[in-house]
Every structure is written in C-alpha cells, then in structure tokens.
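In: Next input, structure requested:
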Amino acid sequence: MIKKCIGDPISILPLEGLGVDDKLCYEEVPVEILDHQVKRLRNKEVVSVKMLWRNHLVESATWEVEADMMSRYPHLFPPTPIQT
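Out: Have a look, this model is predicted:
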C-alpha cells in the first residue's frame, strides 16, 4: 500500500549552488589530495591518493588510483621538478 509523504521544507537544498543540470545530475569534482599511499602487492606497487570531493565531508574522502586521477585532474598534482 502506498503511503502519502509530507515533505520537510527545511531539508530541501537549493539546486543553484550545486550545479545540477536538467536531468538532476551533477559532476563530482575533486577539491584536493589529502594523503598518498603505496600498496605493495606480490609483483607490483599500486600508488593511491586520498581525494576530497566537492560537496562531501573529509570523512567521506575516497582512495583512488593516482595514475587515473592524474590523467583526469592534472591541476591537482604539483609539477615534478626537472632533474639534471
């Protein structure tokens, strides 16, 4: 049986600040890198970075593969110094 739902006007978020499009979707954008980690497997090493995402708290930051994040968001990574 379907019950009637009464919405709470306090819990409604404004869509203008979130950048929501016509399909009610928005793009997750990383804000900064919080930490680095290297996982050593049997045959290789996987470098991960802890990413803080826009509109999320620090507690919900996620570990992502550094190579993927560097290819998508190069502006978050500092330039590597040139060794001579």
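In: Got phi/psi on Lys23?
Out: When read as degrees, to the nearest 10, the backbone of Lys23 gives phi -90, psi 10.
In: and the most centrally placed residue in the chain, what does it touch?
Out: Geometric centre of the chain, nearest residue: Trp53, 3.3 Å, by Cα atoms, centre = their mean. Under the criterion of Cβ atoms under 8 Å, 6 or more residues apart in numbering, the neighbours of Trp53 are Glu28, Val29, Pro30, Val31, Ser60, Ala61, Thr62. C-betas here are computed from N, CA, C, even on glycine.
In: one more time with 7 Å
Out: Listed by Cβ atoms under 7 Å, 6 or more residues apart in numbering, the contact set of Trp53 reads Glu28, Val29, Pro30, Val31.
In: Confirm for me that the second one is in contact with Arg54.
Out: Read it as Val29. Yes. Between Val29 and Arg54 there is a contact under Cβ atoms under 7 Å: 4.7 Å.
In: Which one's more surrounded, these two?
Out: Arg54 (13 against 10; other Cβ atoms under 10 Å).
In: So the more buried one versus Pro74, what's the distance?
Out: Distance, Arg54 to Pro74, using Cβ to Cβ, to the nearest Å: 17 Å.
In: Same question for Cys25.
Out: Distance, Cys25 to Pro74, using Cβ to Cβ: 24 Å.
In: right, and out of the contacts of Trp53, which lies closest to Asp8?
Out: Glu28 (25.7 Å; Cβ to Cβ).
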